[in-house]
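K.L.:
sharing a model prediction with you, sequence too.
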Amino acid sequence: MSRAGKPRETESAKPGESPEKNVYLNRRAKHEYFLMNRFEAGIALVGSEVKSVRQGKISLQDSYAVIEDGEAHILNMHISPYDKSAHFLPDPKRKRKLLLHKSEIKRLVGKVAEKGLTLVPLRVYLVRGRVKLEIALARGKPKRDRRYDIAKRDAEREIRKQRSGRS
């Protein structure tokens, strides 16, 4: 019997699960920036870096993306050296190339040229064995907006607490 009409399931994903596996989430990005457009990009890594990412030895703290000479790069992304690697140990904070389509890069060049916009990494995840990075076009939040968000979140928490207490 032919399987042509059925969608293919990945080997790693169980039925009902997403084939993505989050490795690192940048939670501070939502608090410090207004997030606009999101993009998925591959990252050019060497073999030992991929193994470190799979182990979760990665940090996006203080990292950001730039576009130089028609290519996108991520700066200050820290990937710890793989423990069992014997010879080639790349610099943990080296500049890494992001793999985006030319049309996406052109669109980002125009947007980043606007005042106050930057490219912020949101999360690193695995899709079918490949390391992906989600970046967002973002504008920094003023401190008063961050305080407003915290107050709003606290108020919602209080309302939920009171509702659950009455029920």
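P.N.:
Structure received.

K.L.:
residue ranges with poor pLDDT in this structure?
P.N.:
Applying pLDDT under 70 to the chain picks out residues 1-18, 166-167.

K.L.:
what's the helix or strand for the residue nearest the centre of it?
P.N.:
Nearest to the mean C-alpha position of the chain, by CA atoms, centre = their mean, lies residue 123 at 2.2 Å. Assigned by DSSP states H and E, residue 123 falls within strand 117-127.

K.L.:
ok so, going back, ok, the residue nearest to the centre of the chain to residue 37 distance?
P.N.:
For residue 123, the distance to residue 37 (CB to CB, to the nearest Å) stands at 15 Å. Every C-beta, even on glycine, is put in place using the N, C-alpha and C of the backbone.

K.L.:
again, but for residue 70
P.N.:
For residue 70, the distance to residue 37 - CB to CB - is 19 Å.

K.L.:
so between these two, which is more surrounded?
P.N.:
Neighbour count, other CB atoms under 10 Å: between residue 70 and residue 37, residue 37 has more, with 14 against 9.

K.L.:
count of neighbours near the closest residue to the more buried one other than its chain neighbours?
P.N.:
Once flanking residues are discounted, residue 37 sits nearest to residue 137: 4.6 Å by CB to CB, 6 or more residues apart in numbering. For residue 137, the tally of surrounding residues (other CB under 10 Å) stands at 21.

K.L.:
can you check residue 50 too?
P.N.:
17.

K.L.:
got the contact list for it?
P.N.:
residue 131 (CB atoms under 8 Å, 6 or more residues apart in numbering).

K.L.:
name the element it belongs to?
P.N.:
Going by DSSP H and E, residue 50 is in helix 47-54.

K.L.:
export that helix as CSV, just CAs?
P.N.:
This file holds the C-alpha atoms of helix 47-54, laid out as CSV (Å, rounded to 0.1, in the frame of the first residue of the first chain):
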residue,chain,number,x,y,z
GLY,A,47,31.1,19.4,15.2
SER,A,48,32.2,19.8,18.8
GLU,A,49,30.0,22.9,19.2
VAL,A,50,26.9,21.0,18.0
LYS,A,51,27.6,18.4,20.7
SER,A,52,27.9,21.1,23.4
VAL,A,53,24.6,22.6,22.2
ARG,A,54,22.9,19.2,22.5
